[in-house]
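Trainee: Sequence first, predicted model second:
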Amino acid sequence: MRVLFLSLAVFTLAAQDRRALLLVNSEYQKLAPRAVNSADLDALKSALAAAKFAVSEERNLAQGQIEKIAFLSSIKQGDTVLIYYTGYAMQSKSDNFIVPVDYDPAKAGDATFLAQSMTGFFQMLDDKKAGVKMMLIDAPEQPAALLPKATGAGLAAPELADLGQIAFLSASALNALPVALDATERGAFVRQIAELIRKPGTTLVELLVGAQGSVSKKISPFSNSTVTAAFRFTDPPPPPKEAPPSKPVDSFISKDRVNSKDRQSYVYIPAGKFLMGCAKDDTKCEEHEKPQHEVTLTKAFWMGETEVTVEAYKRFLEMTDPKKKLPRAPVEHEGWRNTNLPMPAFSYDDAAAFCKFAGGRLPSEAEWEYAARAGKANEIVPLSSENAREKANFHGRKGNDRFDYVAQVKQFDPNAFGLFDMFGNLWEMTSDFYDKGYYAASPKSDPKGPASGKERASRGGSWDSDPAQHLRISFRNKGNGGNIVGWRCVIEDSEETRKLLR
């Protein structure tokens, strides 16, 4: 699953095929009520009507009522569907939930049984074989009574794989901490959406990108999309005789890019914030994984889609030092015959030199964990999956792990950012010096690790690792390289980087 910004080829759907639903939850019975500005909602309904959507509205729905509303049963195959929700929302066990008005935080049980799963909502739309589906979530606030029932702050990145053409737009950033908004700030998101929809010629891409502009100082919208078909809300105005040049949509990040130097694929990783360290429900926490703390990465970057391969490292030597030979191969690498295996980082200097050649550097430990979590908060193992062990190359065999030793790259599913083998196969070296107490003093923004040290931090486990301990996302290892340690590179996003990536 990748964050996509789409091409601008256009098709037009018939008016009767456009359906919109506004879900408004405000009169909570066991939680603080939430003020709603009717003028803002009217502006959105008016904009949708101008875009030829048939608009329905439902207010203050209790548990079980959402999935039974007539709007859902009336959707036909191929319909374009837009759903706007305003109210409280929360994440639990890597899914996001709409909080019904009768939600009682004092009741036993988690959100799975007491709230409406957004993934379940997506599935209902997909079962109806709807065409383009848009889900707009306006829920940046959470009352204090709701927080203990959530497994992470704010909302997590939704799992959109296998759900057809679907776009998700949240009023706040991934895993954003709750904020208190005044009346003007609370309506900023819906007013921005209404303005973009009403603007002649706005595409779905432009809505997703435009909504992430300066909506409010307190909220920073996030979007995710699997839509490949282009969509335009309204027809564009006729072009002027001498149209001024327009700034193009940032479509560059819509797919993986190949680095012209190392010939490896790189994936775009957006800036954001996350909770780093041992998750609160993890019973196997070690002291050097604590305390869990919020980290903000202020700059987007590109990360190697896979660990650096033997083939890429051979190319590096041929281009920089043709006389230098590959080191002696570990037994499991069989004399370097399979060049699609990950290359061991026999030393930090070897790995750092390769990344410098590729135009980048080794990732910081924070960048690595942010990329490994891929927008999910408080997960203990990747994807919070009971069968996570079967989806990575660790000691022994199980499920998709058919390997006794190191495996070729891309033998397992990628994570939500499109990165392969973040866990298992080879440990991955970072640029940070290892310090068991560093988390307690780590900066809140862009931490780079201790200024000095004897060993580097490495993450993710290897084919020789114990999955019971090392498959945990927060586990930290240390060392200076070896035959079970590999690496991947990161390159900060810039104009120069984009010339390098094609």
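Mentor: All right, it came through fine.

Trainee: The stretch 1-150 of the chain: strands as residue ranges?
Mentor: Secondary structure of the stretch 1-150 of the chain by DSSP state E, counting those that start in this stretch: the strands cover 18-24, 54-59, 80-86, 89-92, 95-98, 116-117, 133-138.

Trainee: which secondary structure elements does the fourth one contact?
Mentor: Of the remaining helices and strands, those touching strand 89-92 by 3 or more CB pairs under 8 Å, 6 or more residues apart in numbering; DSSP states H and E are strand 95-98, helix 111-114. For every residue, glycine as well, the C-beta is placed using N, CA and C.

Trainee: Least reliable of the ones you listed by average pLDDT, please.
Mentor: Least confident of those, judged by mean pLDDT, is helix 111-114 with a mean of 82.

Trainee: Hmm, residue 297 is touching residue 271, no?
Mentor: Yes - at 5.5 Å, residue 297 counts as touching residue 271 under the criterion of CB atoms under 8 Å.

Trainee: Residue 45 is nearest to which of the helices and strands packed on strand 89-92?
Mentor: Shortest separation from residue 45 across the helices and strands packed on strand 89-92 is recorded for strand 95-98, at 19.6 Å, computed as CB to CB.

Trainee: in its sheet, what does that closest one sit against?
Mentor: Using DSSP bridges, strand 95-98 pairs in its sheet with strand 89-92 (antiparallel), strand 116-117 (antiparallel).

Trainee: and those strands, which is most packed in?
Mentor: Highest mean neighbour count of the strands paired with strand 95-98: strand 89-92, a mean of 24 (counted as mean count of other CB atoms under 10 Å).

Trainee: Pretty sure residue 415 sits in a helix.
Mentor: No - read with DSSP: H, G, I helix; E, B strand; the rest coil, residue 415 is coil and lies in no helix.

Trainee: Now it: closest residue in space, sequence neighbours ignored.
Mentor: Nearest residue to residue 415 in three dimensions, chain neighbours excluded: residue 374, at 4.4 Å (CB to CB, 6 or more residues apart in numbering).

Trainee: on that earlier part again, in CSV, list the helices and strands packed on strand 89-92 along with distance to residue 328.
Mentor: Rendered in CSV, the data for these read as follows (distance: least, CB to CB, whole Å):
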stretch, distance to residue 328
strand 95-98, 48
helix 111-114, 52
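
Trainee: got TSV for the ones you listed, with mean neighbour count and distance to residue 31 too?
Mentor: Putting the helices and strands packed on strand 89-92 into TSV (neighbours: other CB atoms under 10 Å; distance: least, CB to CB, whole Å) gives the following:
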stretch	mean neighbour count	distance to residue 31
strand 95-98	25	13
helix 111-114	16	12
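
Trainee: Of all those, which one is nearest residue 397?
Mentor: For these, the distance to residue 397 is smallest for strand 95-98, at 30.1 Å, taking CB to CB.

Trainee: What lies in contact with the closest one?
Mentor: 23, 25, 66, 85, 87, 89-91, 111-112, 115-119, 121, 137, 155-156, 158-159 (CB atoms under 8 Å, 6 or more residues apart in numbering).

Trainee: Equivalent analysis for stretch 107-123, please.
Mentor: Surrounding stretch 107-123, the residues in contact under the criterion CB under 8 Å, 6+ apart are 63, 66-67, 83, 89-90, 92-93, 95-100, 103-104, 133, 135, 137, 149-151, 158-160, 163, 166.

Trainee: do stretch 78-87 as well
Mentor: If you take CB under 8 Å, 6+ apart as the criterion, stretch 78-87 is touched by 13, 17-26, 34, 36, 41, 44, 48, 53, 75, 98-99, 101, 121, 125, 128-139, 190, 193, 231.

Trainee: of those residues, buried ones?
Mentor: Restricting these to buried positions leaves 17-25, 34, 36, 41, 44, 48, 53, 75, 98-99, 101, 121, 125, 128, 130-139, 190, 193, 231, with burial counted as 16 or more other CB atoms under 10 Å.

Trainee: what about the residue nearest to residue 415, how many neighbours?
Mentor: Residue 374 has 22 neighbouring residues, counting by other CB atoms under 10 Å.

Trainee: Next, the contact list for it, please.
Mentor: Taking CB under 8 Å, 6+ apart as the contact definition, residue 374 lies against 157, 415-417, 419.

Trainee: cool, and residue 347?
Mentor: When the contact criterion is CB under 8 Å, 6+ apart, the partners of residue 347 are 480-481.

Trainee: Can you pull the phi/psi pair for it?
Mentor: Backbone dihedrals for residue 347, given as degrees, to the nearest 10, come out at phi -150, psi 160.

Trainee: low-scoring pLDDT stretches of the chain, where are they?
Mentor: Applying pLDDT under 70 to the chain flags residues 1-16, 213-217, 242-249, 383-386.

Trainee: Number of residues surrounding residue 107?
Mentor: For residue 107, the tally of surrounding residues (other CB under 10 Å) stands at 10.

Trainee: From residue 65, how far out is it?
Mentor: For residue 107, the distance to residue 65 under the criterion CB to CB, to the nearest Å works out to 17 Å.

Trainee: higher neighbour count, residue 297 and residue 271?
Mentor: Higher neighbour count among residue 297 and residue 271: residue 297, with 20 against 15, using other CB under 10 Å.

Trainee: Tell me the bridge partners for the more buried one.
Mentor: On the basis of DSSP bridges, residue 297 takes part in beta bridges with residue 272.

Trainee: how about residue 201, what does it touch?
Mentor: For residue 201, counting by CB under 8 Å, 6+ apart, the contacting residues are 232, 234-237.

Trainee: isn't there a helix covering it?
Mentor: No - residue state for residue 201 (three-state DSSP) corresponds to coil; a helix is not indicated.

Trainee: neighbours around residue 250, how many?
Mentor: Using other CB under 10 Å, residue 250 is surrounded by 12 other residues.

Trainee: Next: residue 109.
Mentor: Residue 109 is surrounded by 9 other residues when neighbours are defined as other CB under 10 Å.

Trainee: all helices of the protein, in order?
Mentor: Taking DSSP state H as the criterion, the chain carries its helices at 38-50, 70-73, 111-114, 118-127, 183-186, 188-198, 204-211, 310-320, 348-357, 365-373, 467-470, 495-500.

Trainee: Surely residue 294 and residue 177 touch.
Mentor: Yes - the criterion here is CB under 8 Å, and residue 294 meets it with residue 177 at 7.2 Å.

Trainee: contacting residues for the nearest residue to residue 44 once chain neighbours are set aside?
Mentor: Closest residue in space to residue 44, ignoring its immediate chain neighbours: residue 194 at 4.4 Å, by CB to CB, 6+ apart. For residue 194, the set of contacting residues under the criterion of CB under 8 Å, 6+ apart consists of 40, 43-44, 46-47.

Trainee: Just the buried ones from those residues?
Mentor: Members of the contacts of residue 194 classed as buried by 16+ other CB under 10 Å are 40, 43-44, 47.

Trainee: before we move on, back to that, could you point out which of the strands paired with strand 95-98 sits nearest residue 219?
Mentor: Across the strands paired with strand 95-98 (criterion: CB to CB), the nearest stretch is strand 89-92, sitting at 13.2 Å.

Trainee: Fine, thanks again, bye for now.
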